[in-house]
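S.K.: Coordinates only, no sequence provided:
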């Protein structure tokens, strides 16, 4: 596995764009590359997912940065409304989690927790791959088959989440201290 500096150099030297985003129901890994770096990019992403380095200092700094950002969000009226709305609509169920609760749970997350998450969820049966570009379909299928073979193997955990019960419609006012 690569240091953050080495990884950045590889991505930059090969004109790759790799990003990861996560939401309540999905995680996306996006790769944008030239056709001649398609295969190296897949190999790199497979390595990132299956053998993440997760240096303790960088990991802890990232957690602290996210917590600081989350704390600062409490001063943003629009963010407060977006955070409160799901709790109101979904009766504080799984779809109505308070994002501020992460301030309590984030400090306890370890690099091993991230590795365990990746091993559980980044399995071929739990992945949808979309492709667009200037490559031969058979070649893409072959490379993607090789890519998924490098991922963790197994069965993704089954999520047993009841359908959310929604509250009645209404007008909700969210108090923000110090605001008129």
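M.R.: Received it, and whenever you're ready, just let me know what you need. The structure displayed is predicted, hence computed values, not measured ones. Numbering: from 1, shown residues only.
S.K.: from here on, contacts and neighbour counts on C-alpha atoms
M.R.: OK.
S.K.: who's in contact with the residue nearest in space to the middle of the chain?
M.R.: Geometric centre of the chain, nearest residue: residue 22, 2.7 Å, by CA atoms, centre = their mean. For residue 22, the contact set (CA atoms under 8 Å, 6 or more residues apart in numbering) comprises residue 28.
S.K.: Use 29 as the first number for this chain going forward.
M.R.: In the new count, where the first residue is 29, that last one comes out as residue 50.
S.K.: for it, which residues make a bridge with it?
M.R.: residue 55 (DSSP bridges).
S.K.: which other helices and strands contact the helix or strand bottoming out on mean pLDDT in the chain?
M.R.: When the helices and strands of the chain are compared on mean pLDDT, DSSP states H and E, helix 105-117 comes out lowest with a mean of 86. Judged by 3 or more CA pairs under 8 Å, 6 or more residues apart in numbering; DSSP states H and E, helix 105-117 has no packing partners among the helices and strands.
S.K.: Buried residues, that helix. List them.
M.R.: Neighbour counts over helix 105-117 (16 or more other CA atoms under 10 Å) mark 108, 111, 112, 113, 114, 115, 116, 117 as buried.
S.K.: Turn the residues you listed into a markdown table, columns for distance to residue 102.
M.R.: A markdown table is the format used below for those (distance: CA to CA, whole Å):
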| residue | distance to residue 102 |
| --- | --- |
| 108 | 6 |
| 111 | 10 |
| 112 | 11 |
| 113 | 14 |
| 114 | 16 |
| 115 | 16 |
| 116 | 17 |
| 117 | 20 |
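S.K.: How much space separates the closest residue to residue 61 other than its chain neighbours from residue 62?
M.R.: For residue 61, ignoring the flanking residues on the chain, the nearest one in space by CA to CA, 6 or more residues apart in numbering is residue 44 at 4.9 Å. Plainly put, residue 44 is 8 Å away from residue 62 if you go by CA to CA, to the nearest Å.
S.K.: list the helices and strands the longest helix belonging to the chain packs on?
M.R.: Counting by DSSP state H, the longest helix found in the chain is helix 84-101. If contacts are counted by 3+ CA pairs under 8 Å, 6+ apart, helix 84-101 sits against helix 130-133.
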